[in-house]
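[1] would you be able to build a 3D model of this:
(chains A and B, ligands or ions: 2)
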Amino acid sequence: METTGKKKLQIALYWGAACGGCDVAVLDTNEFILDVAAIADIRMWPIATDGKYKDIEAMEDGELDLVLFNGAVRNSENEHVAKLLRRKARVMVAFGSCAHIGGIPGLANQVTKEEIFDRAYLNNPSIEPGNRTVPLPESHVEAGALEIPTAYKRVYKLDDIVPIDYYVPGCPPLPAQIKGVLLAVATGQLPARGSVVGAGHRTVCDDCRRTRHERKIKKFYRPWQIIQDPETCLLEQGIVCAGSATRSGCGVRCPNSNMPCRGCYGPAPNVKDQGAKIVSAVASIIDSKDPAEIDRILEDVPDIMGYAYRFGLPASMLQRRI
Amino acid sequence: MMSNGFEPKIVGFLCNWCSYTGADLAGTSRIKYATNLRVIRTMCSARIDPTFILKALLEGADGVLICGCHPGDCHYVEGNYKAMRRYPLLKRLLDAYGIENERVQLEWVSASEGRRFAEVVDRMTEQIKALGPCKVRTALAFDMAER
Ligand code: SF4
Ligand code: SF4
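    Ligands and ions are numbered 1, 2, ... in the order given. Take a look at the predicted model:
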């Protein structure tokens, strides 16, 4: 490598509050990952390689050419490492729905930290009654004080914490998006800072092959409650679909597999609040002019918050339950 | 009590053809009513995107009033039915956000109902005074200042 005179790209991949799926998606680029290894030094990637925080701390500022950060921020460690990597990175990418808009962990913004702790550690059918084993930020053992990260009161999307150069949406992003980002950095052909890369500029509906007919409905269904027509718009069949509010670029993966879009690519361009748009779309399909009947029909949409912001509650206008 | 001396800010989205004219009538008839409403005229209640309501709350409104023509009387025939269908779903969403029920209200007010318009504004103002200020703005500012 030295002989070519060209320095290898210095990259790091990191996860905050995430499920690991984004990291697996990077591995899903298959042999491409070997090309990455040929052109880049992976300085940290917790799921696949070694690399300690202190090694990152020892770096010059801006020493990393690219950081792909997946996951939301919901504890002090997530925040600390996000800030550390931001200092060291020339280009920092919010990678995947959680970093981009809060993701599935963002649904925790509907409840308090105390409620989560209660359910996870105290009052839960799989916990012995009376067991009070809870994680403490600091505990004292014979060898000294031990610390674990402090959980925050809510979940943040990554750019609430540090400025971000690019956003790659998706839960998880597609291998082609990942290749695109790496190649763009490698060749220096970067789009305007702040843009969403590896995605489209329309809505999922715009790309969807299913036919729409201005049909209205009297009943909503969960996907498993109905045998659907594969040619007709899912919403027109009473299945709540987020396509009209969601950014295109995924190839309409879910509706093409007979599942409604859940909105993982985040709000479409010019959509200020994904959930508000989903509320409009869902309401517009109701066939009734009677408030009592409308209310009855809506009984079949049990969790509008979950439909409206499955992946993006922290990026919504109101961000959390008040 | 927090609400002592508290004057809520209420944003009113009024449809041009019925409710805005009704509000006008309240004015020209010199009916006295609470001064807490800030009126935004829209061409139809169907134009009132749920985004507008969220934005009003985010920017400091303590309440939002949506007014349109009575069902059957829409200038555009069906527009107010769109509002009628959106409203209950939006309310469910707001409920999940922890926004109290009285903060966002939908009322049908015709062009001749100046008196009723005044009563709606008075009633809503009293309800929101009792609730106190909406916490959205301060809560989010706090989130960014302190984890
Ligand atoms: S609502 Fe869903 S199924 Fe219907 S057109 Fe849009 S993406 Fe396709
Ligand atoms: S259809 Fe919707 S949920 Fe499915 S991958 Fe595309 S954007 Fe994500």
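
[2] could you identify the helix or strand that succeeds the host helix or strand of residue B:41?
    Secondary structure assignment for residue B:41, by DSSP states H and E: strand B:37-42. Per DSSP H and E, the first helix or strand lying C-terminal to strand B:37-42 is helix B:50-58.

[3] and that following helix with strand B:37-42, angle?
    160 degrees (axes from the mean of the first three to the mean of the last three CA atoms, to 10 degrees).

[4] how about the strands of chain A, start to end?
    A:9-15, A:40-44, A:64-70, A:73-75, A:89-95, A:138-141, A:144-147, A:151-156, A:166-168 (DSSP state E).

[5] for the record, mean pLDDT for the third one?
    This predicted structure assigns strand A:64-70 an average pLDDT of 97.

[6] just the fifth one next, same as before
    Average pLDDT, strand A:89-95: 97.

[7] name the residues of it that are buried.
    Of the residues in strand A:89-95, A:89, A:91-95 count as buried by neighbour count, 16 or more other CB atoms under 10 Å in any protein chain shown. Yep, even glycine has a C-beta here, placed from its N, CA and C like the rest.

[8] do the last one as well
    Counting neighbours by 16+ other CB under 10 Å, one finds that the buried residues in strand A:166-168 are A:166-168.

[9] quick one: which of those residues is nearest ligand 2?
    Nearest to ligand 2 out of the buried residues of strand A:166-168 is residue A:168 (CB to the nearest ligand atom; 12.8 Å).

[10] just for chain A, where's the confidence low?
    Residue ranges of chain A with pLDDT under 70: A:1-6.

[11] can you tell me the centre-most residue of it?
    residue A:97 (1.7 Å; CA atoms, centre = their mean).

[12] unless I'm mixing things up, it is touching residue A:158, no?
    No. Look at residue A:97 against residue A:158 with CB atoms under 8 Å: they stay out of range, at 11.0 Å.

[13] distance of residue A:50 relative to ligand 2?
    Separation of residue A:50 from ligand 2 (CB to the nearest ligand atom, to the nearest Å): 32 Å.

[14] count of neighbours near that residue?
    10 (other CB atoms under 10 Å in any protein chain shown).

[15] what of residue A:234?
    Neighbours around residue A:234, by other CB under 10 Å: 24.

[16] ranges for the helices of chain A?
    A:21-27, A:32-39, A:53-57, A:76-88, A:97-101, A:113-117, A:175-187, A:204-207, A:253-256, A:274-284, A:291-298, A:304-308 (DSSP state H).

[17] list the buried residues for the second one?
    This points to helix A:32-39. Result for helix A:32-39 [16+ other CB under 10 Å]: buried residues A:32-33, A:36.

[18] the strand holding residue B:41 packs against which elements?
    strand B:10-15, helix B:19-28 (3 or more CB pairs under 8 Å, 6 or more residues apart in numbering or on different chains; DSSP states H and E).

[19] out of the buried residues of strand A:89-95, which is nearest to residue A:47?
    Closest approach to residue A:47 among these (CB to CB): residue A:95, at 12.8 Å.

[20] dump the residue contacts of that closest one.
    For residue A:95, the contacting residues are A:13, A:22, A:68-70, A:168, A:173, by CB atoms under 8 Å, 6 or more residues apart in numbering or on different chains.

[21] that one and residue A:11, how far apart?
    12 Å (CB to CB, to the nearest Å).

[22] which residues are in contact with both of the two?
    What both residue A:95 and residue A:11 touch, as defined by CB under 8 Å, 6+ apart, is the set residue A:68.
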